[in-house]
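Peer 1: Sharing a model prediction with you, sequence too.
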Amino acid sequence: MALPITNPTATAAWNKLQLHYTQLKNVSMQEMFAQDPERASKFHIQWNDFLVDYSKNILTQETMDLLVALAKEVQLENAIQQYFEGEAINQTENRAVLHTALRAPENSSVVVDGKNVMPEVFDVKNKIKNFSNDIISGKRKGYTGKAFTDVVNIGIGGSDLGPAMVADALQFYKNHLNVHFVSNVDGDHVNEVIKKLNPETTLFVIVSKTFTTQETLSNAETIRSWFLSQEFGTAKSEDVAKHFVAVSTNIQKVTEFGIDAQNIFPMWDWVGGRFSLWSAVGLSISLAVGFDHFDALLQGAHHMDKHFRTTSFEQNIPVVLALLSIWYNNFFGAESEALIPYTQYLQKLAPYLQQGIMESNGKSVGRDGKPVNYQTGTIIWGEPGTNSQHAFFQLIHQGTKLIPTDFIGFIKPLHGNQDHHDKLMSNFFAQTEALLNGKTEAQVKAEFDKQNITGAKADFLLQFKVFAGNKPTNTILIEKLTPETLGALIALYEHKIFVQGIIWNIFSYDQWGVELGKQLANSILDEIHSGTVKEHDNSTEFLLKYFLKNK
Ligand code: F6P
């Protein structure tokens with residue numbers, strides 16, 4: 001079965017939303033709150049450890065009804081079923097999209113090409129478990145008999161961002177192993193990482209779904225040469241088997257690289273790179289925090305999967321957040337969304353979701369093969385609060401652009417420092433309140449009175465200090481940052497991506513644009529090696545010649 005094809009702009013709901021937008025665009029949220037003192041109790045969803053308050057958005061019940069009608073008109077329910085049931089919804093690559101199977105219980109059945117994949121999923125999970133336990137406990141040792149102290153994940157994109165983000169986010173739960181990440185083909189990156197390492201006690205995890213990625217293979221080769229170099233240790237080529245493992249679908253290429261068959265952690269083509277941290281791509285997470293925490297992360301994601309799959313659209317967190325994003329992107333013309341976690345632990349969440357969201361929904365051809373005539377993928381960006389307040393928040397408060405923002409906060413701190421946490425959370429609440437209300441003339445004048453600012457100076461300053469507010473925010477308030485809640489949070493955004501892709505009528509699970517750059521880089525590399533510049537546009541030719549002359 002193929003995904004339904006509907007141009008969203010041709011639906012009845014879209015046309016009603018357009019009219020509704022013209023009625024709502026000049027109504028402020030302050031008025032909406034003034035008219036309805038119970039607004040927050042209407043526009044929130046409470047689910048497990050999550051409270052999602054979306055009342056600080058420019059919407060009424062009618063907006064939500066129309067957005068839900070849009071989701072129904074594009075047959076979202078049918079699409080969700082196909083997604084979870086392993087239909088080849090990545091149609092341009094003829095693949096299923098089944099990261100949800102990686103976190104499903106062992107007794108479930110997920111059939112791909114007539115075969116239940118769950119036994120294989122659990123075989124690999126057990127392999128991850130045993131391997132992690134042996135490395136963490138010191139049972140499995142390096143080539144000189146010493147226990148491992150360091151792990152290096154070598155990968156890029158989905159083979160780096162997910163494990164790096166989660167290992168960082170869960171560092172409170174970490175064991176003694178130091179986990180490092182090498183991704184960029186920039187040799188300075190790999191050199192900075194390996195200069196701190198001892199080859200005798202370091203484990204290398206090469207992660208590449210395709211095992212053809214230039215960056216990852218170059219870094220893996222550089223690291224293998226360093227490992228074998230007698231300048232740093234005494235390793236021989238037979239010791240590579242003890243220190244290098246790989247995660248890939250391409251078993252042949254991994255074997256050619258010299259990795260022992262026992263040290264290969266397989267994955268499947270039905271796991272997209274940017275959704276793969278739940279597979280063996282998450283091996284370095286399991287090494288960093290232990291398999292039980294890794295498994296808890298998967299359980300949390302599975303709970304969100306169930307919520308997404310079984311809850312009505314009105315109460316469904318990923319669906320509601322996706323619909324709100326469409327409301328601003330397609331009707332208000334918002335181009336970007338900010339994501340501000342109020343915990344330093346989630347400092348890598350925005351870069352991680354940049355790949356998930358922008359690689360998935362940065363598409364301009366509809367599922368009908370025709371160019372779309374409406375906006376698709378949002379630009380996503382963000383940094384933790386409170387740091388970001390002192391960096392770019394001014395633009396969100398008073399700039400000319402509309403930037404809907406997700407605030408993610410936790411009720412309980414991990415280290416128990418309540419004083420810091422209360423200060424952190426007071427900022428969390430204050431910012432969404434400030435974005436909603438702005439500052440009125442009366443408030444500014446009252447401040448001026450207290451400060452004895454009067455006359456022309458007061459008139460002049462007033463213009464800059466008054467601002468309208470009315471900036472939309474979602475508040476995602478979670479009990480505590482745990483492996484479970486983190487898993488659920490990531491899955492929430494994964495499903496938001498899916499819902500938006502369905503409504504925008506695009507294919508979210510391929511990335512042909514990225515492939516072009518890879519192809520060109522390979523042919524330019526040949527030119528750089530040979531010193532002969534072939535035919536390019538005038539600018540590229542000019543730059544290449546300049547580079548070759550001066551390198
Ligand atoms: O950035 C493009 C991409 O194909 C991603 O989708 C993927 O996560 C990354 O490259 C790395 O690919 P691989 O795991 O095959 O090395």
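Peer 2: Good, I have the coordinates. Numbering: from 1, shown residues only.
Peer 1: going forward, measure contacts between C-alpha atoms and count neighbours the same way
Peer 2: Fine.
Peer 1: The stretch 401-550 of the chain against the ligand: which residues are in contact?
Peer 2: Near the ligand, the residues belonging to the stretch 401-550 of the chain are residue 514 when assessed by C-alpha under 6 Å from any ligand atom.
Peer 1: now do the chain
Peer 2: 156, 157, 158, 159, 208, 209, 210, 211, 213, 273, 274, 514.
Peer 1: residues touching the second one, list them.
Peer 2: Yep, that's residue 157 we're talking about. 183, 273, 274, 355 (C-alpha atoms under 8 Å, 6 or more residues apart in numbering).
Peer 1: For it, what are phi and psi?
Peer 2: Here the main-chain torsion angles of residue 157 (degrees, to the nearest 10) amount to phi 60, psi -130.
Peer 1: give me phi/psi at residue 245?
Peer 2: Here is the backbone geometry of residue 245 (degrees, to the nearest 10): phi -130, psi 160.
Peer 1: so what's it bridging to?
Peer 2: Here residue 245 sits in beta bridges with residue 205, as judged by DSSP bridges.
Peer 1: is it true that it touches residue 261?
Peer 2: No - when contacts are counted by C-alpha atoms under 8 Å, residue 245 is not listed as touching residue 261 (9.1 Å).
Peer 1: of the two, who's got more company?
Peer 2: The residue with more neighbours, out of residue 245 and residue 261, is residue 245; 22 against 14, by other C-alpha atoms under 10 Å.
Peer 1: Tell me the spacing between that one and the ligand.
Peer 2: Distance of residue 245 to the ligand, computed by C-alpha to the nearest ligand atom, to the nearest Å: 14 Å.
Peer 1: and that residue, what pLDDT?
Peer 2: In the prediction, the pLDDT value recorded for residue 245 is 98.
Peer 1: Ramachandran coordinates for residue 173?
Peer 2: Residue torsions, per degrees, to the nearest 10, at residue 173 are phi -100, psi 10.
Peer 1: Can I get stretch 408-425 in PDB? Just the C-alpha atoms.
Peer 2: Taking Å, rounded to 0.1, in the frame of the first residue of the first chain, the C-alpha atoms of stretch 408-425 are listed here in PDB:
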ATOM      1  CA  ILE A 408      11.500  22.000  27.500                       C
ATOM      2  CA  GLY A 409      12.000  21.900  31.300                       C
ATOM      3  CA  PHE A 410      12.200  19.400  34.100                       C
ATOM      4  CA  ILE A 411      10.500  19.600  37.500                       C
ATOM      5  CA  LYS A 412      13.300  17.900  39.400                       C
ATOM      6  CA  PRO A 413      17.000  18.600  39.100                       C
ATOM      7  CA  LEU A 414      19.400  15.600  38.900                       C
ATOM      8  CA  HIS A 415      22.000  16.700  41.400                       C
ATOM      9  CA  GLY A 416      19.500  18.000  43.900                       C
ATOM     10  CA  ASN A 417      20.700  21.600  43.800                       C
ATOM     11  CA  GLN A 418      17.300  23.100  44.500                       C
ATOM     12  CA  ASP A 419      18.500  26.700  44.700                       C
ATOM     13  CA  HIS A 420      20.000  26.600  41.200                       C
ATOM     14  CA  HIS A 421      17.000  24.700  39.900                       C
ATOM     15  CA  ASP A 422      14.500  27.200  41.200                       C
ATOM     16  CA  LYS A 423      16.400  30.000  39.600                       C
ATOM     17  CA  LEU A 424      16.700  28.000  36.300                       C
ATOM     18  CA  MET A 425      12.900  27.300  36.300                       C
END
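Peer 1: Let me see the mean pLDDT of it.
Peer 2: For stretch 408-425, the per-residue pLDDT values average out at 98.
Peer 1: Quick check: buried residues in that stretch?
Peer 2: When burial is assessed from 16 or more other C-alpha atoms under 10 Å, stretch 408-425 yields the following buried residues: 408, 409, 410, 412, 413, 421, 424, 425.
Peer 1: is it true that residue 441 touches residue 461?
Peer 2: No - at 10.8 Å, residue 441 does not count as touching residue 461 under the criterion of C-alpha under 8 Å.
Peer 1: Distance from the chain centre to whatever helix or strand residue 457 lives in, please.
Peer 2: Residue 457 is located in helix 455-465, with elements delineated by DSSP states H and E. Mean-position distance between helix 455-465 and its chain equals 43 Å (C-alpha atoms, centre = their mean, to the nearest Å).
Peer 1: Name the next helix or strand following the helix or strand hosting residue 526 along the chain.
Peer 2: For residue 526, the host element (DSSP H and E) is helix 512-530. Once helix 512-530 ends, the next helix or strand along the chain (criterion: DSSP H and E) is helix 538-550.
Peer 1: Just the buried positions in that following helix, please.
Peer 2: residue 544.
Peer 1: still on that earlier bit, buried residues, the helix holding residue 526. List them.
Peer 2: Neighbour-count burial for helix 512-530, with 16+ other C-alpha under 10 Å as criterion, is recorded at residue 524.
Peer 1: Put the alpha carbons of it into PDB.
Peer 2: Below are the C-alpha coordinates for helix 512-530, written out as PDB (Å, rounded to 0.1, in the frame of the first residue of the first chain):
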ATOM      1  CA  TRP A 512      18.700  13.000  -2.200                       C
ATOM      2  CA  GLY A 513      20.000  16.500  -1.800                       C
ATOM      3  CA  VAL A 514      22.700  15.400   0.600                       C
ATOM      4  CA  GLU A 515      23.700  12.700  -1.900                       C
ATOM      5  CA  LEU A 516      24.600  15.200  -4.600                       C
ATOM      6  CA  GLY A 517      27.100  17.000  -2.500                       C
ATOM      7  CA  LYS A 518      28.800  13.600  -1.700                       C
ATOM      8  CA  GLN A 519      29.100  12.700  -5.400                       C
ATOM      9  CA  LEU A 520      30.600  16.100  -6.300                       C
ATOM     10  CA  ALA A 521      33.000  16.000  -3.400                       C
ATOM     11  CA  ASN A 522      34.400  12.700  -4.700                       C
ATOM     12  CA  SER A 523      35.000  14.000  -8.200                       C
ATOM     13  CA  ILE A 524      36.500  17.300  -6.900                       C
ATOM     14  CA  LEU A 525      38.800  15.200  -4.600                       C
ATOM     15  CA  ASP A 526      40.200  13.500  -7.800                       C
ATOM     16  CA  GLU A 527      40.900  16.900  -9.300                       C
ATOM     17  CA  ILE A 528      42.600  18.100  -6.100                       C
ATOM     18  CA  HIS A 529      44.800  14.900  -6.000                       C
ATOM     19  CA  SER A 530      45.700  15.200  -9.700                       C
END
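Peer 1: Just the buried ones among the residues of the chain next to the ligand, please.
Peer 2: Listed as buried from the residues of the chain next to the ligand are 156, 157, 158, 159, 208, 209, 210, 211, 273, 274; burial here means 16+ other C-alpha under 10 Å.
Peer 1: What residues does the closest residue to the first one other than its chain neighbours make contact with?
Peer 2: Across the structure, with C-alpha to C-alpha, 6 or more residues apart in numbering as the measure, the residue nearest residue 156 apart from its sequence neighbours is residue 183 (4.8 Å). Residues counted as contacts of residue 183 (C-alpha under 8 Å, 6+ apart) are 154, 155, 156, 157, 160, 189, 190, 215, 216, 219.
Peer 1: number of nearby residues for the second one?
Peer 2: To tie it back to what came earlier, the one meant is residue 155. Other residues lying near residue 155 total 29 when counted by other C-alpha under 10 Å.
Peer 1: same check, this time on residue 6
Peer 2: Around residue 6 sit 19 other residues, with neighbours defined as other C-alpha under 10 Å.
Peer 1: so it touches residue 71, yeah?
Peer 2: No - in terms of C-alpha under 8 Å, residue 6 does not count as a neighbour of residue 71; the distance is 10.8 Å.
Peer 1: Now residue 235: closest residue in space that isn't a chain neighbour?
Peer 2: In space, not counting the residues next to it along the chain, residue 235 is nearest to residue 228; the distance is 5.3 Å by C-alpha to C-alpha, 6+ apart.
Peer 1: Give me the neighbour count for the one you found.
Peer 2: Each residue near residue 228 was counted by other C-alpha under 10 Å, and the total is 18.
Peer 1: how close does it get to the ligand?
Peer 2: Residue 228 sits at a distance of 23 Å from the ligand (criterion: C-alpha to the nearest ligand atom).
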